[in-house]
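Asker: coords below, sequence missing:
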């Protein structure tokens with residue numbers, strides 16, 4: 001087991017200082033990480049707390065799982081290791097449609113838009129000329 005625990009179902013108003021003070025009963029806290037949403041920069045409602053020893057982390061899970069903080073019942077369990085990604089740097093992918101897909105779903109040149117045959121021939125010719 002790792003010395004890092006996952007604390008879920010946090011209120012968005014919960015601060016690092018408040019969570020540190022709440023969980024410090026279990027032992028010495030080394031680090032608290034609140035992931036934030038990339039677009040809104042708001043906390044995502046969970047945190048990772050690293051304790052100095054695995055025994056303190058196990059005690060925190062036992063003491064604080066299903067306890068309330070800020071009117072919400074916390075979910076505290078051991079943090080799982082992040083799965084390893086592919087080795088090396090990630091390949092560059094330019095924005096836009098994937099390769100092999102043209103503007104209209106094929107690799108050929110873009111086609112002229114089709115017109116409905118509604119209306120007079122004179123109006124249809126005028127519309128074609130205006131393109």
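Answerer: Happy to help now that I have it. Small disclaimer: the values here were computed from a predicted structure and weren't measured.

Asker: Now do the helices in this structure.
Answerer: Along the chain, counting by DSSP state H, helices occupy 16-23, 54-64, 121-130.

Asker: Please, where are all the strands along the chain?
Answerer: 4-8, 29-33, 47-51, 68-69, 72-73, 75-78 (DSSP state E).

Asker: Mean pLDDT lowest where, among the helices of the chain?
Answerer: Note on those: helix 121-130 shows the lowest mean pLDDT, a mean of 69.

Asker: circling back to that earlier point, so which of the helices of the chain gets nearest residue 76?
Answerer: helix 54-64 (4.7 Å; CB to CB). Quick note: C-beta positions are derived from backbone N, CA and C, even for glycine.

Asker: got the strands of the chain as CSV, with mean pLDDT and distance to residue 125 columns?
Answerer: Listed next are those as CSV, based on pLDDT from 0 to 100; distance: least, CB to CB, whole Å:
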stretch, mean pLDDT, distance to residue 125
strand 4-8, 96, 66
strand 29-33, 95, 67
strand 47-51, 96, 68
strand 68-69, 93, 73
strand 72-73, 95, 68
strand 75-78, 95, 69
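
Asker: mind listing what the closest residue to residue 66 other than its chain neighbours touches?
Answerer: Leaving aside its sequence neighbours, residue 66 sits nearest to residue 73 (CB to CB, 6 or more residues apart in numbering; 5.8 Å). Taking CB atoms under 8 Å, 6 or more residues apart in numbering as the criterion, residue 73 is in contact with 9, 66-67.

Asker: out of those, which are buried?
Answerer: Neighbour counting with 16 or more other CB atoms under 10 Å marks none of these as buried.

Asker: Just the buried residues of stretch 23-40, please?
Answerer: For stretch 23-40, burial by neighbour count (16+ other CB under 10 Å) applies to 23, 26-27, 29, 32, 34.

Asker: Just flag the most distant two among those.
Answerer: By the measure CB to CB, 27 and 34 form the most distant pair in the buried residues of stretch 23-40, at 19.6 Å.
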